[in-house]
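Visitor: sequence first, predicted coordinates after that:
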Amino acid sequence: MRYSLFLSVLLPLTLAQYPPTSNLTRITSPVDGNITISYKKPPTGTCQTVFDSQEQYTGWVNIPGSYATNTFFWFISARDPTDQLTIWLNGGPGSSSMIGLFNENGPCEVIEVAQGKFATEARDWGWDRASNMLYIDQPNQVGFSYDTPTNCSLDLLTSDLYTPQQTLPNSQPADTFLNGTFSSLNVNNTANTTEIAGMAIWHMLQGFLGAFPQYAPNNSSAMNIHLFAESYGGKYGPAFATLWEEQNEKRANGTLSQSTTIDIKLKSLGIVNGCVDDLIQAPYYPDFAVNNTFGLSAINPTRAKLATANFYASGGCKDLITQCRAAVQKQDPTNEGNVSSVNSACSNAYNSCLTNVLEPYYDAGRSVYDISHNLPDSFPPSTYLEYLNTADFQSAIGSPVNYTETNLQVVAAFTSTGDYERKSYVPEIAALVNSGIHVGLMYGDRDYICNWLGGEAISLAVAEQVSSEYATKFPAAGYAPIITNTSYIGGVVRQFGNLSFSRIYDAGHSVPAYQPETAFQVFARIIMGTSLSTGDTINSSVYNTTGPLNATHTTSLPPSPTNTCYLRNIPGTCTEDERQMIIAGKGAIIDGVLYSDSSDYSAPTSTITSAGSGTAKSASVTTTTEILTGLFTATATPSPSKSFAIPVARLDFGILSLFGAIGFSSFFI
């Protein structure tokens, strides 16, 4: 494995005041003089890539408006030169895309190499294997994005932020109450609807692509842009993509100046375990709780029937969503989120659906992100949170603010408008398919919160609205195996024309974290426009998969893993006993993890002792499954005895909710 110990020693658990920016290059956008870009090349190893020759830029695009908006980005070029640029967005609303970069599909992951020492390691199946990657923290105040740097106090016991800074509460351990610099915490200084967030990202991309024209498509360029979004990205993805298409049309007809704007030429849209439309997906919450392919009855069947009845009842979830959308259409058709009666109607719909349809599953005491895991669920690990909050790392990327995984002000802003229920994005997805854009829906089959049964229903609803041909031929296309490599089938896919739906086996909400190799192959095949089953070149105008009409594969759930209690994610990963242990100052906290006793800590086996001492990976060096560049094209189907085993490749785990599954279910990664 290739390591970097660029950031070596974990500093004491206090956050710096106003972390100093360092060596940022500041330029004015060549296409829009109102936009400025501040960026730098982070030192080698900040995020270790397979090849040191891969370009990286971290920075902020400053977007003018009624409040300061500094949108953070991290760009990493592909391992091999390519014309593909993929934009990755995590969901939330309010979740940082650093979750995706460090815990899902980015070029690197954070590892502990010795007590008090962290490093980054190149990820075998990072999506930089096939594309240039651009990770964006959005909307404003999420992750490393900020409005006005503000000194605050962070209570790790609750994940609450306070401004002005507070004194240490009586009897609370000092390492659970930290001072640092964050955004202003002003709920009015961020987007409160998906559409407003989309316009901000369009402006952000105008700035980024203007500053880095080598990655911007033009009329004579083969450059393709792809948008992949997870979870709440089921709304972000189609909304943002539709806006880009509309802005391109305005450039073409002269409504927007071609000299001060740039086309965003979208080639494909990927949605990973996306929550797209509750009118379609919500009935599958109680259904999935008792009728999943793992033989799990998570809740009492009578309780599930009642939840289903609550969806269809007069004045229930379905009726309230319909009323919300009628109000939006009549009074706030552009989704500005500034009509109080509309906001109230949509918030009421959301709360009803949440309480009466989704939340009965909480009786199970299981994670909403992976039904095989009991609560508290620390899978995937939160190790990267320690790394991103060290002074050396923040200096390396030039950040003036400390990192938070989730921004509660954004959560509150979107909740206040009922954004979750305001619109169905099925028509937008259908229009994108109709325009020739590849649309791929990828769902892990152990996720509850945006489960694959609801995702499959979304795919069928999209096909119904594309055209009569899609309405007939997409449902008729059978499920074909997703052949990940010569020995493993990673799931099944239904594909016709530009539309596909993939069920990924044994994966939770953050699919690339559970099944990195399969997720990569599906991603690469979507952006390349090939068969998602085999990777073969196809004529998408006539291609369809063949196989069973239903994805019927069944298996048993694995045992639930034991939780790890992370200091920076106490609400989501720690039991109440562990929380009380921390409050009482008992046990030992080592590298951000609680142990009953220091003797329980086992040092990592890595022998990395200094920066650059890892061995560089090469395209000719094989890992346990595959070389580190290129794509896999199947020439045969693996035998049944090998088809449903976990791949040999090491799993790279993602992120879990800051809040845990119970008590804050409006949070989607």
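Guide: All right, it came through fine.
Visitor: for residue 531, give me its contacts.
Guide: By C-beta atoms under 8 Å, 6 or more residues apart in numbering, residue 531 lies in contact with 495, 525, 537, 538, 543, 545. (Each C-beta comes from the backbone N, C-alpha and C, glycine too.)
Visitor: so residue 229, which of the three states?
Guide: For residue 229, the assignment made with DSSP: H, G, I helix; E, B strand; the rest coil gives strand.
Visitor: surely it is in contact with residue 268?
Guide: No - contact criterion C-beta atoms under 8 Å: residue 229 and residue 268 do not qualify, at 11.8 Å.
Visitor: the two: which is more packed in?
Guide: Shown here are residue 229 and residue 268; by other C-beta atoms under 10 Å, residue 229 has more neighbours (26 against 23).
Visitor: confidence score at that one?
Guide: What the model reports for residue 229 is a pLDDT of 99.
Visitor: go on, the one 10 residues further on?
Guide: Looking at residue 239, its pLDDT is 99.
Visitor: that one falls within a helix, correct?
Guide: Yes - the assignment for residue 239 by three-state DSSP puts it in a helix.
Visitor: look up how far residue 322 lies from residue 279.
Guide: The gap separating residue 279 from residue 322 is 8 Å, by C-beta to C-beta, to the nearest Å.
Visitor: pick the one among the contacts of residue 531 closest to residue 89.
Guide: Of all the contacts of residue 531, residue 525 has the smallest distance to residue 89: 20.3 Å, by C-beta to C-beta.
Visitor: in three-state terms, label that closest one for me.
Guide: At residue 525 the chain is in helix, as set by three-state DSSP.
Visitor: that one: what's it in contact with?
Guide: By C-beta under 8 Å, 6+ apart, the neighbours of residue 525 are 531, 532, 535, 631.
Visitor: now with 6 Å, please.
Guide: Each residue near residue 525 by C-beta atoms under 6 Å, 6 or more residues apart in numbering is listed here: 532, 535.
Visitor: please point out which parts of stretch 344-358 sit buried.
Guide: Within stretch 344-358, the residues that count as buried by 16 or more other C-beta atoms under 10 Å are 345-354, 356-358.
Visitor: in helices, which of those residues fall?
Guide: 345, 346, 347, 348, 349, 350, 351, 352, 353 (DSSP state H).
Visitor: can you redo the residues you listed as a markdown table with distance to residue 89 and pLDDT?
Guide: Formatted as a markdown table, those follow (distance: C-beta to C-beta, whole Å; pLDDT from 0 to 100):
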| residue | distance to residue 89 | pLDDT |
| --- | --- | --- |
| 345 | 27 | 99 |
| 346 | 22 | 99 |
| 347 | 24 | 98 |
| 348 | 28 | 98 |
| 349 | 25 | 99 |
| 350 | 21 | 98 |
| 351 | 25 | 98 |
| 352 | 28 | 98 |
| 353 | 24 | 98 |
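Visitor: which single one of the residues you listed is nearest to residue 187?
Guide: Closest to residue 187, out of all of these and judged by C-beta to C-beta, is residue 347, at 14.4 Å.
Visitor: give me the distance between the closest one and residue 152.
Guide: Distance from residue 347 to residue 152, counting by C-beta to C-beta: 27 Å.
Visitor: what's the answer for residue 75, then?
Guide: Residue 75 sits 28 Å away from residue 152, taking C-beta to C-beta as the criterion.
Visitor: quick one, which of these two is more surrounded?
Guide: More crowded of residue 75 and residue 152, by other C-beta under 10 Å: residue 152, with 24 against 21.
Visitor: neighbouring strands - and their directions - for the host helix or strand of that one?
Guide: In this structure, residue 152 is located in strand 150-155 according to DSSP states H and E. Using DSSP bridges, the neighbouring strands of strand 150-155 in the sheet come out as strand 160-162 (antiparallel), strand 177-182 (antiparallel).
Visitor: wait, which of these is closest to residue 41?
Guide: Nearest of those (C-beta to C-beta): strand 177-182, 23.3 Å.
Visitor: where's residue 269, which helix or strand?
Guide: Per DSSP H and E: strand 266-272 holds residue 269.
Visitor: any idea which helix or strand comes after that strand?
Guide: With elements assigned by DSSP H and E, the helix or strand that comes after strand 266-272 is helix 278-281.
Visitor: show me what that next one is in contact with.
Guide: Residues outside helix 278-281 that contact it (C-beta under 6 Å, 6+ apart): 321, 353, 421, 454, 457, 458, 461.
Visitor: which among those gets closest to residue 163?
Guide: residue 421 (31.1 Å).
Visitor: ok, for the closest one, nearest residue in space, not its chain neighbours?
Guide: Counting by C-beta to C-beta, 6 or more residues apart in numbering, the nearest residue to residue 421 once its immediate chain neighbours are dropped is residue 349, at 4.4 Å.
Visitor: measure that neighbour to residue 143 for me?
Guide: Following C-beta to C-beta, the distance that separates residue 349 from residue 143 is 29 Å.
Visitor: ok so, going back, mean confidence score for the strand holding residue 152?
Guide: For strand 150-155, mean pLDDT rounds to 97.
Visitor: same question, stretch 428-439
Guide: Stretch 428-439 comes out at a mean pLDDT of 98.
Visitor: span of that stretch from start to end?
Guide: Length of stretch 428-439, first residue to last, C-alpha to C-alpha, to the nearest Å: 11 Å.
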